[in-house]
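Asks: Okay, sequence plus prediction incoming.
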Amino acid sequence: MTTSSHPTSPMTPQEFEQALRAKGAFYHIHHPYHIAMHNGQATREQIQGWVANRFYYQTSIPLKDAAIMANCPDPLTRRKWVQRILDHDGYDGSEGGIEAWLRLGEAVGLDRDVLLSEEMVLPGVRFAVDAYVNFARRAVWQEAACSSLTELFAPQIHQARLDTWPQHYKWIEEEGYGYFRSRLSQANRDVEHGLQLALEYCDTVEKQQRMLEILQFKLDILWSMLDSMTLAYELNRPPYHSVTQLAVWHKGRLL
Ligand SMILES: O=C(O)c1cc(C(=O)O)c2c(n1)C(=O)C(=O)c1cc(C(=O)O)[nH]c1-2
């Protein structure tokens, strides 16, 4: 196995790419919450909870990408990377992913103000997403850039939603699916750039092992978000459930 505990020489780029791709075994597509959504077993409340909580990830992605750019001295990389921010924030002639996600919210019956207020964002989701943004602020820019490589596995997950949700959830309005559709090509383009950076940068055993750890950290973030949603919307154990029915947790971005 190429990722054995103490390798003495670096993997070839092909082997390293394979090791990165093998991490797909831990993608959140395999999380029970996600499997339930895929199989048509999620309730309206569980879908709404997922959409409202994932909105925090969506709005944090441009902050994360801006942090990477802020640490990157290479103009050519920044020129490419800035497209990720535009993908989400939009530009003249393109509404952007955040707006598309707000439409998804409306399509599942959530007013856009509910998403924008972040009132449904669970603390565990917030902490997980914030960990991603903070990592991007602190890390060497190549490491932060390559932490986006969970996107290797994202086109499959978006396609699976497009293939199955309309059949399972007839109550979701069709306009809601625009986000998933637009990410199919955007994620592939991101991955091409991210992978190229990873294969060039990780030219030692240490860097390769560290990058695999970083990818695992990112997988942990996505998985932990769904763990929080499982507690709140499946097991009916939102934070402070033993004390109050009220959502008393803090809602600010400032901590
Ligand atoms: O719906 C998903 O399961 C999913 C996962 C991920 C991911 O793997 O991080 C991203 C997205 N979607 C996505 O839409 C997106 O724009 C995105 C950007 C990034 C990133 O790390 O920069 N990940 C993801």
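Replies: Received the coordinates, thanks. Since we're looking at a predicted model, the values are computed, not measured. Numbering: from 1, shown residues only.
Asks: make it CA atoms for all contacts and neighbour counts henceforth
Replies: OK.
Asks: okay but residue 183 is in contact with residue 156, surely?
Replies: No - using Cα atoms under 8 Å, residue 183 makes no contact with residue 156, being 10.4 Å away.
Asks: Out of the two, name the residue with the larger neighbour count.
Replies: Taking neighbours as other Cα atoms under 10 Å, residue 183 and residue 156 compare with residue 183 leading, 19 against 13.
Asks: Sticking with the more buried one, tell me its helix or strand.
Replies: Assigned by DSSP states H and E, residue 183 belongs to helix 178-201.
Asks: now the helix or strand that comes right after that helix and helix 178-201, what's the angle there?
Replies: The C-terminal neighbour of helix 178-201 among helices and strands, as given by DSSP H and E, is helix 205-229. Going by axes from the mean of the first three to the mean of the last three Cα atoms, to 10 degrees, helix 205-229 is angled at 160 degrees with respect to helix 178-201.
Asks: what's in contact with helix 205-229?
Replies: Here helix 205-229 makes contact (Cα atoms under 8 Å, 6 or more residues apart in numbering) with 3, 7-11, 16, 19-20, 23, 26-28, 31, 33-34, 49-50, 122, 124-125, 128-129, 131-132, 143, 146-150, 201-202.
Asks: Can you sort out which of those also neighbour the ligand?
Replies: Filtering the contacts of helix 205-229 for proximity to the ligand by Cα under 6 Å from any ligand atom leaves 148, 150.
Asks: Which of the contacts of helix 205-229 are buried, as a PyMOL select command?
Replies: To isolate the buried ones among the contacts of helix 205-229 in PyMOL, judged by 16 or more other Cα atoms under 10 Å, type:
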select buried, resi 3+10+11+16+19+20+23+27+28+31+33+34+49+50+122+124+125+128+129+132+143+146+147+148+149+150+202
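Asks: So which of the contacts of helix 205-229 are in helices?
Replies: Members of the contacts of helix 205-229 lying in helices (criterion: DSSP state H): 16, 19-20, 33-34, 49-50, 124-125, 128-129, 131-132, 143, 146, 201.
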